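*Asks:* this one's sequence-less:
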């Protein structure tokens, strides 16, 4: 991600990012986690506060989608959807 690279090399001052993208650079020391926007502290990041600890009521979450090409056969899309649902359970 270009913004994450910009943060690590000093061209970007601050970034709100998805933890899935930024966890490895945080763990590697390439960037520093200042806070998380979830309601509760993130277990994988002990010691990193929530934004709500400083700004009460601030909570956000991200929405993630699994997508396929527009001409994906409906039967395959339905099967994939079922497989993802099973995996998430």
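*Replies:* Alright, I've got the coordinates. Everything numeric here is computed off the predicted structure, so don't read it as measured data.
*Asks:* okay, strands next: where are they in the protein?
*Replies:* Assigned by DSSP state E, the chain shows no strands.
*Asks:* find the residue at the geometric middle of it.
*Replies:* A centroid search over the chain (Cα atoms, centre = their mean) returns residue 18, at 2.3 Å, as the residue closest to the centre.
*Asks:* ok, now how distant is it from residue 83?
*Replies:* 23 Å (Cβ to Cβ, to the nearest Å). No exception for glycine: its C-beta is placed from N, CA and C like everyone else's.
*Asks:* what sits closest to the residue nearest to the centre of the chain if chain neighbours are left out?
*Replies:* Once flanking residues are discounted, residue 18 sits nearest to residue 62: 5.4 Å by Cβ to Cβ, 6 or more residues apart in numbering.
*Asks:* what about that neighbour, how many neighbours?
*Replies:* Residue 62 is flanked by 11 other residues according to other Cβ atoms under 10 Å.
*Asks:* need phi/psi at it.
*Replies:* phi -110, psi 160 (degrees, to the nearest 10).
*Asks:* again with the one 3 residues further on
*Replies:* Backbone geometry at residue 65, expressed as degrees, to the nearest 10, gives phi -120, psi 150.
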